[in-house]
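S.K.: Sequence below, structure please.
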Amino acid sequence: MPKRSGRELSLALLLALGIAAQAAADQALHLATLPIPKAAEFHGLSGIDLSPDGERFIAISDRGWFLTGRIAREDGRPVAFDPDRTRIHMLNMQGHRTRNHERDAEGLAVAPDGRIFVSFEVYHRVRVWRDIKGSAAWMPDLPDVDQLRPNAGIEALALGPDGALYALPEELVDVEGVPVYRFPLPPTRIRADGSRAGHYVRSQWSRAFSLPVRGRFKPVGADFGPDGLFYLLERDFVPPIGFRSRVRRFEFGPDGPRDETVLLETPVGLHGNLEGISVWQDDAGAIRLTMVTDDNGLALQRNEIVEYRIVSAPEEG
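M.R.: Predicted coordinates:
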């Protein structure tokens, strides 16, 4: 074997390490696209949250209702969309069905204790339900609401492992990037009758940090995975062809976001208008991204569940 200089060995080692790092990079592998029937109760699905086993779901519609049900699976892949019997109309704080300007639900986050947080456009706000058949409870106003356009409000909402809500607007961007608002959830109070109550007035929203802007993509959905990492679903509309989607992953630390990774970036038209994302872990320990499209109630747009698994490149499908 010919002798090699120390410099050559160092370069070879660096190259090998670089190749190994590239091979270990995470990416999203497409598992399935599951059509959802075209029906009025499935119009405008803009957020979704799955149970830890990936079967039960709760979804929201920008028409102002909740939808629950089950995603049937075979060998881990989604094969059937099985909603419960009826949609459940959202009730406002007065116990009435949300009015037209109150209905544009966009972001969804579900707490381990069952509380359901929803962000809305047009009348920009976040509300919380302990029972989806009951009335909404008030939460403090978000920052910068006076700068949000009616159809470009808080699209992405997620509950972090630190017990705080994180919210991102669709279009409000400044020199620092995409603002990330944070709301630390106060401890739950137990009433004399045993019911639970939250004192949300004791906390306030603040701008925690910003995420870097990359191209034309805009935030539309978010979730924290069981790994504690933050997954951001983004969308770009390319008229008149269709949509393309991207998922970026971050670690949120005391100094802000780090370790940005692009897991998925689709070509135009591969999927419909993906707006909601739920991140969970399958029986094999792999992270799954389950996403739902908003068909805007239009016949030409698709209703579908789209699912990916996070793998280390270069695994083949």
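S.K.: Stretch 217-229: end-to-end distance?
M.R.: 20 Å (C-alpha to C-alpha, to the nearest Å).
S.K.: Return the set of buried residues in that stretch.
M.R.: F217, K218, P219, V220, G221, A222, D223, F224, G225, L229 (16 or more other C-beta atoms under 10 Å). For glycine as for every other residue, the C-beta is placed from the backbone atoms N, C-alpha and C.
S.K.: do stretch 266-286 as well
M.R.: Within stretch 266-286, the residues that count as buried by 16+ other C-beta under 10 Å are T266, H271, G272, N273, L274, E275, G276, I277, S278, V279, W280, Q281.
S.K.: Only alpha carbons, please: show that stretch as CSV.
M.R.: This file holds the C-alpha atoms of stretch 266-286, laid out as CSV (Å, rounded to 0.1, in the frame of the first residue of the first chain):
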residue,chain,number,x,y,z
THR,A,266,-42.6,19.2,-2.7
PRO,A,267,-43.0,20.2,-6.4
VAL,A,268,-46.0,22.2,-7.4
GLY,A,269,-49.1,20.1,-7.6
LEU,A,270,-47.9,17.0,-5.9
HIS,A,271,-50.4,17.5,-3.1
GLY,A,272,-53.3,19.8,-2.5
ASN,A,273,-53.4,22.8,-0.2
LEU,A,274,-51.7,21.3,2.9
GLU,A,275,-52.6,23.4,5.9
GLY,A,276,-52.6,21.2,9.1
ILE,A,277,-49.9,19.0,10.5
SER,A,278,-49.7,16.5,13.4
VAL,A,279,-46.4,14.9,14.4
TRP,A,280,-46.3,11.6,16.2
GLN,A,281,-44.2,8.4,16.6
ASP,A,282,-45.1,5.0,15.2
ASP,A,283,-44.5,1.6,16.7
ALA,A,284,-41.1,1.4,15.1
GLY,A,285,-40.0,4.6,16.8
ALA,A,286,-40.0,6.7,13.6
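S.K.: can you start the count at 794 instead of 1 from here on
M.R.: Fine by me, first position is 794 from now on; the one you just mentioned is stretch 1059-1079.
S.K.: quick one: which of the buried residues of stretch 1059-1079 sit in helices?
M.R.: Applying DSSP state H to the buried residues of stretch 1059-1079, no entry is found in helices.
S.K.: Can you pick out the most distant pair from those?
M.R.: With C-beta to C-beta as the measure, no two of the buried residues of stretch 1059-1079 lie farther apart than N1066 and Q1074, at 26.3 Å.
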